[in-house]
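Participant: Got a sequence here, can you model it:
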Amino acid sequence: MFRDIINKGREIADKMTNIVMNFTETEAKVREATSDEAWGPHGQLLQQIADLTFTHGSFLEVMCTLWSRLHTESSRSWRRVYKVVSCYGFLLA
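Facilitator: Numbering: from 1, shown residues only. Next up is the predicted model:
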């Protein structure tokens with residue numbers, strides 16, 4: 001019960017961050033897939049990101065967002081690095 005409330009609060013905070021920081025839908029999906037949450041990105045989200053890479057503009061946006069997520073100040077978090085590499089692996093497969 002308490003964990004559900006915390007997860008819902010984090011979800012709302014992430015949505016507010018996306019709105020305030022003016023992230024596009026593509027950036028928001030990549031940020032969700034590479035979040036610092038304890039579980040990995042699910043297959044549906046990875047497939048949506050892969051589908052976005054079939055258009056030139058979205059491809060560049062996905063790759064730039066993944067690159068920036070890998071090279072930010074919090075990239076010391078092994079979880080984020082692992083998720084970015086997992087996304088790259090899914091996109092290459």
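Participant: so where do the helices sit in this structure?
Facilitator: 2-20, 25-33, 43-52, 56-70, 78-92 (DSSP state H).
Participant: May I see those helices arranged in JSON lines, with mean pLDDT as well?
Facilitator: Putting these into JSON lines (pLDDT from 0 to 100) gives the following:
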{"stretch": "helix 2-20", "mean pLDDT": "83"}
{"stretch": "helix 25-33", "mean pLDDT": "93"}
{"stretch": "helix 43-52", "mean pLDDT": "95"}
{"stretch": "helix 56-70", "mean pLDDT": "94"}
{"stretch": "helix 78-92", "mean pLDDT": "92"}
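Participant: most neighbours per residue, which of those helices?
Facilitator: helix 25-33 (a mean of 19; mean count of other Cβ atoms under 10 Å). Yep, even glycine has a C-beta here, placed from its N, CA and C like the rest.
Participant: So which elements touch that one?
Facilitator: helix 2-20, helix 43-52, helix 56-70, helix 78-92 (3 or more Cβ pairs under 8 Å, 6 or more residues apart in numbering; DSSP states H and E).
Participant: Residues touching the second one, excluding its own?
Facilitator: Under the criterion Cβ atoms under 8 Å, 6 or more residues apart in numbering, residues 26, 29-30, 32-33, 58-59, 61-62, 87, 90-91 lie in contact with helix 43-52.
Participant: again, 6 Å this time
Facilitator: 26, 29, 33, 58, 62, 90-91 (Cβ atoms under 6 Å, 6 or more residues apart in numbering).
Participant: can you check stretch 32-40 too?
Facilitator: 41, 45, 69, 77, 79-80, 83-84, 87.
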